[in-house]
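A.B. asks: Using only what follows, build the 3D model:
(one chain, ligands or ions: 2)
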Amino acid sequence: MASNAEDQQNQQGGHKEVGHKSLLQSDALYQYILETSVYPREAESMKELRELTAKHPWNVMTTSADEGQFLNMLLKLVNAKNTMEIGVYTGYSLLATALALPDDGKILAMDINRENYELGLPVIQKAGVAHKIDFREGPALPVLDLLIQDEKNHGSFDFIFVDADKDNYLNYHKRLVELVKVGGVIGYDNTLWNGSVVAPPDAPLRKYVRYYRDFVLELNKALAADPRIEICMLPVGDGVTICRRIK
Ligand code: SAM
Ligand code: CA
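C.D. replies: Ligands and ions are numbered 1, 2, ... in the order given. This is a model prediction of the structure:
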């Protein structure tokens with residue numbers, strides 16, 4: 001029998017029977033996480049980059065502070081050294097990565113837009129971690145194709161973060177699953193895509209959200225069916241799916 005609290009949630013169109021397992025029931029709870037656990041421990045350079053990015057017209061693209069903290073922790077937990085990032089923007093997730101790596105760690109970072117990367121670069125330099133970054137301006141796919149051609153790059157990456165053009169995620173995955181080592185991690189960002197993954201077909205969605213939605217749905221299905229990886233979809237930021245290569 002449902003408890004009073006469950007009944008109340010069902011009536012409000014809430015989480016129904018899984019409600020007691022869902023973490024973020026309100027904006028206040030999210031704010032609590034930021035203020036209690038994220039902002040007090042955020043590196044000065046991360047704060048500076050976050051505040052600088054907030055003034056940029058495309059700031060919705062930036063990684064949230066809680067996700068930055070999560071990535072930084074994850075990279076340390078897996079002892080990542082050789083990493084890749086697809087989709088840099090002003091570099092918030094890039095800086096979270098660079099700060100987590102050892103001094104001789106590497107990040108192959110790709111973005112079609114150098115200008116935004118250069119906005120954040122002075123902060124990254126000031127933090128003393130720019131030497132870990134090999135930035136390539138241009139589309140990521142041809143770079144991955146080049147890497148794949150050389151056998152020695154296979155299984156050479158400890159960690160890869162993908163946060164770029166959602167219509168290419170499956171193309172990236174085909175290549176990345178070979179480039180990441182067995183036991184290594186690929187993180188795909190925005191896999192809950194503004195919550196639109198559960199929106200009814202006629203829901204009023206912003207144009208770009210509607211356009212990419214089907215690609216995200218397709219990716220989520222493909223990742224769940226891929227026997228080469230274990231997965232875990234986290235409701236952090238806009239949803240991030242962590243994949244661990246197992247074969
Ligand atoms: N991770 C970044 C951060 O923490 O701020 C946010 C990345 S933003 C959501 C997506 C980025 O992907 C944009 O900067 C865009 O220029 C880049 N992008 C789009 N298409 C791309 C492609 N084909 N190859 C590489 N980067 C691409
Ligand atoms: Ca993102």
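A.B. asks: quick check: longest strand of this protein.
C.D. replies: Counting residues, the longest strand found in the chain (DSSP state E) is strand 180-189.
A.B. asks: And the helices in this protein?
C.D. replies: With DSSP state H as the definition, the chain shows helices at residue ranges 4-11, 27-33, 44-54, 65-77, 92-100, 114-126, 140-149, 169-179, 207-224.
A.B. asks: related to what we said a few turns ago, the longest strand of the chain packs against which elements?
C.D. replies: Packing contacts for strand 180-189, counted by 3 or more Cβ pairs under 8 Å, 6 or more residues apart in numbering; DSSP states H and E, involve helix 65-77, strand 157-162, helix 169-179, strand 240-245. C-betas here are computed from N, CA, C, even on glycine.
A.B. asks: which one of those has the most crowded surroundings?
C.D. replies: Per-residue neighbour counts averaged over each of the helices and strands packed on strand 180-189 give the maximum for strand 157-162, namely a mean of 25 (mean count of other Cβ atoms under 10 Å).
A.B. asks: so for that one, what's the average pLDDT?
C.D. replies: Regarding strand 157-162, the rounded mean pLDDT is 98.
A.B. asks: From the contact counts, what lies against it?
C.D. replies: Under the contact rule (3+ Cβ pairs under 8 Å, 6+ apart), strand 157-162 is packed against helix 65-77, strand 82-86, helix 92-100, helix 169-179, strand 180-189.
A.B. asks: now the longest one: how far from the chain's centre is it?
C.D. replies: The chain centroid and the centroid of helix 65-77 are separated by 10 Å, computed with Cα atoms, centre = their mean, to the nearest Å.
A.B. asks: which secondary structure elements does it contact?
C.D. replies: With contacts defined as 3+ Cβ pairs under 8 Å, 6+ apart, the secondary structure elements packing on helix 65-77 are helix 44-54, helix 92-100, strand 157-162, strand 180-189, strand 240-245.
A.B. asks: near ligand 1, anything from it?
C.D. replies: No: if you take Cβ under 6 Å from any ligand atom as the test, helix 65-77 misses ligand 1, and the best it gets is 7.3 Å.
A.B. asks: Whether that helix contacts ligand 2 - can you check?
C.D. replies: No: under the criterion of Cβ under 5 Å from the ion, ligand 2 is not reached by helix 65-77; the shortest gap measures 7.8 Å.
A.B. asks: Need the contact partners of that helix.
C.D. replies: Residues from elsewhere that reach helix 65-77, judged by Cβ atoms under 8 Å, 6 or more residues apart in numbering: 30, 33-34, 37-39, 41-42, 46, 50, 63, 83, 92-93, 95-97, 99-101, 159, 161, 185, 187, 189, 234, 236-237, 240, 242.
A.B. asks: what do you get for stretch 215-224?
C.D. replies: Contacts to stretch 215-224, defined as Cβ under 8 Å, 6+ apart, come from residues 166-167, 169-170, 173, 188, 190-191, 193, 196-197, 229, 231, 233, 241, 243.
A.B. asks: can you count the residues close to Glu151?
C.D. replies: By the measure other Cβ atoms under 10 Å, the count of residues near Glu151 is 8.
A.B. asks: OK, contacts around the residue nearest to His154 when sequence neighbours are not counted?
C.D. replies: With Cβ to Cβ, 6 or more residues apart in numbering as the criterion, His154 has its nearest non-adjacent residue at 5.4 Å, and that residue is Glu178. By Cβ under 8 Å, 6+ apart, the residues touching Glu178 are Ile148, His154, Gly155.
A.B. asks: No more questions from me, cheers.
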